[in-house]
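Enquirer: Provided below for reference: sequence and predicted model.
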Amino acid sequence: MGAQEHDPRSGGARQGQSAASVETEFCSGQPAGSPKPSIVPSTVKTSSSAVRIVHLSDLHFGTVRSTLVEPLLGLIDELRPRVVAVSGDLTQRARRFQFSAAADFLKRIPFAQVVVPGNHDIPLWSVIDRFTSPLRNYRRYLGENVEPSYRDEHLAVIGVNTARSFTWKGGRISNEQIKDLASRLSRIPEKVFKVVVMHHPIVPLTLGQAIPALGRSRKALQVLENQRSDVILAGHGHLRYACRTRRESDPRQHSIVVIQAGTALSDRTRGMLNSFNVVDLGNDAVTIIPYEWLNDRAAFTASAAIRFERQGALNRS
C-alpha cells in the first residue's frame, strides 16, 4: 500500500480510505524545494541500532472498538519499543470510568510510557470542574505528572500538556512551557535523540479539515528547531501524516520531522482507518511505519513506510 503525494489545498481522503493516501511531506506555509521523504515497503528492515517508539493517539475510551484492543496490545508487545508515546485524548468525555479503562489499558503495556492529556481529557459538561480542576480525573487515574518524560543514553522524550480549559478544541503552549522546553533540551547531548510529545499539532492541518496549529506554535517551533529536536509527535486530527518543519535543503537549517497519528482504537475515525505509528530513529534517517486496522484481516497491518533522510552530517554513535 503506497503513499501518494497530496496537495494540502485539496480535499481530504474519501470515507473509509487508508490514511496512506494522504500522507505528505508538506508542512503548511513552508516554501517548496526540500528533499522529499522516501516511500519504502514496510518489509524493509531498519537499522538494528535504531531506537524505536510506538506512537498512539486519540484512544478515546468511551468510544473504543473493543475488538481492536487485544490485537493492538499483542502487536505492541511484538514490536518491542523503547518507549510508547500517547499523544492525548485518552478519553471521550473525561469521565472516571473512561479514565479507569484507559489506565487499565496502559497498565498492560510492559514498556516505558510518555502520556500527555488532550482536550477531551478535560470535562466538557461539568463547567465547574472544567475551570477549577480540569485534569483532576486524569491525575487520579493516570498520574499526577501531566508532562512526563523519558531519558536514557540514546533517547530523550519530553511530554508537553497543550490542553486548556478556555479553548473548546484548540490547544496552547505557554511562555513558561516554552522556556522550560528550551532549558531541558539544551542540557541534552547532541548524540541523544530528542523527541517532544504533545496533543495538538504544531503545524496547521490542511489535509481536508482545517485544524489550526496550537497557540504560540511559531515561538515554540523556533525554540525546538534551535535546540535541534529530532521529532515532534502529536494527534488531535485523527489523520496521520508526516512532514518536515522546513523545506530548505540547507543542512545549516535544522528541520524537525513532525509526525501526526490517527486514532488507534476509537470508532470516531472521521472516515479514516484506525491506525498508529512505529517510529524508528536511526543515525541516517527517521523511518515511520504506519499500522492500519484492516477489517478483512482482523489485524493491524503495516502500510508503506516513510523515510526521512537526515539533513547534514551527524554522527550519534
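Expert: Thanks, I have it.

Enquirer: now do the same for Cys309: its pLDDT.
Expert: In this structure residue 309 is Glu, not Cys. Note on Glu309: pLDDT of 88.

Enquirer: for Arg52, same thing?
Expert: Per-residue confidence (pLDDT) for Arg52: 98.

Enquirer: residue contacts, Gly62?
Expert: Residues counted as contacts of Gly62 (CB atoms under 8 Å, 6 or more residues apart in numbering) are 91-93, 95, 97-98, 101. Quick note: C-beta positions are derived from backbone N, CA and C, even for glycine.

Enquirer: if we go to 10 Å?
Expert: Listed by CB atoms under 10 Å, 6 or more residues apart in numbering, the contact partners of Gly62 are 90-95, 97-99, 101-102, 120, 266, 268.

Enquirer: buried only: go through these for me.
Expert: For the contacts of Gly62, a burial check counting by 16 or more other CB atoms under 10 Å picks out 90-95, 98-99, 101-102, 120, 266, 268.

Enquirer: what about those, which are in helices?
Expert: In helices, defined here by DSSP state H, the members of the buried ones among the contacts of Gly62 are 98-99, 101-102.

Enquirer: ok, so of these, who is nearest Val279?
Expert: Distance ranking of these against Val279, using CB to CB, places Ala102 first at 21.7 Å.

Enquirer: in this protein, what helix or strand scores lowest on average pLDDT?
Expert: helix 127-132 (a mean of 59; mean pLDDT, DSSP states H and E).

Enquirer: in the helix or strand just after that one, what counts as buried?
Expert: Following helix 127-132 in sequence order, the next helix or strand is helix 136-142 (DSSP states H and E). For helix 136-142, a neighbour-count test (16+ other CB under 10 Å) marks 137-138, 141-142 as buried.

Enquirer: which residues are in contact with helix 136-142?
Expert: Counting by CB under 10 Å, 6+ apart, 86, 90-91, 94-104, 106, 113, 115-118, 121-123, 126, 129, 133, 135, 144-146, 148, 161, 163 sit against helix 136-142.

Enquirer: the same query, at a cut-off of 7 Å, please.
Expert: Residues from elsewhere that reach helix 136-142 (CB atoms under 7 Å, 6 or more residues apart in numbering): 90, 94, 96, 99-100, 102-103, 115, 117, 121, 129, 146.

Enquirer: and for stretch 85-96?
Expert: 53, 55-63, 98-99, 102, 113-124, 137, 142, 157, 163, 197-199, 233-236, 261.

Enquirer: same question for stretch 110-129.
Expert: So stretch 110-129 is contacted by 60, 81-94, 106, 130, 134-136, 138, 142, 146-150, 157, 159-161, 163, 165, 169, 171, 197-199, 235-236 (CB under 7 Å, 6+ apart).

Enquirer: switch to 6 Å and redo it
Expert: Residues from elsewhere that reach stretch 110-129 (CB atoms under 6 Å, 6 or more residues apart in numbering): 81, 83-86, 88-91, 94, 130, 134-135, 138, 146, 148, 150, 157, 159, 161, 163, 165, 169, 197, 199.

Enquirer: same check on stretch 258-270?
Expert: The contact list for stretch 258-270 (CB under 6 Å, 6+ apart) reads 19, 55-60, 63-65, 68, 203, 232-235, 238-243, 272, 275-277, 288.

Enquirer: gap between it and the chain center?
Expert: 10 Å (CA atoms, centre = their mean, to the nearest Å).

Enquirer: got the CA coordinates for that stretch in CSV?
Expert: This file holds the C-alpha atoms of stretch 258-270, laid out as CSV (Å, rounded to 0.1, in the frame of the first residue of the first chain):
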residue,chain,number,x,y,z
VAL,A,258,6.5,16.2,12.5
ILE,A,259,4.5,13.0,12.9
GLN,A,260,0.8,13.1,13.4
ALA,A,261,-1.1,9.9,14.4
GLY,A,262,-4.7,8.8,13.7
THR,A,263,-6.9,7.2,16.3
ALA,A,264,-5.8,3.8,17.3
LEU,A,265,-8.9,2.5,18.9
SER,A,266,-11.9,4.9,18.7
ASP,A,267,-14.9,4.5,16.3
ARG,A,268,-14.5,8.3,15.7
THR,A,269,-12.3,7.7,12.7
ARG,A,270,-13.6,10.6,10.6
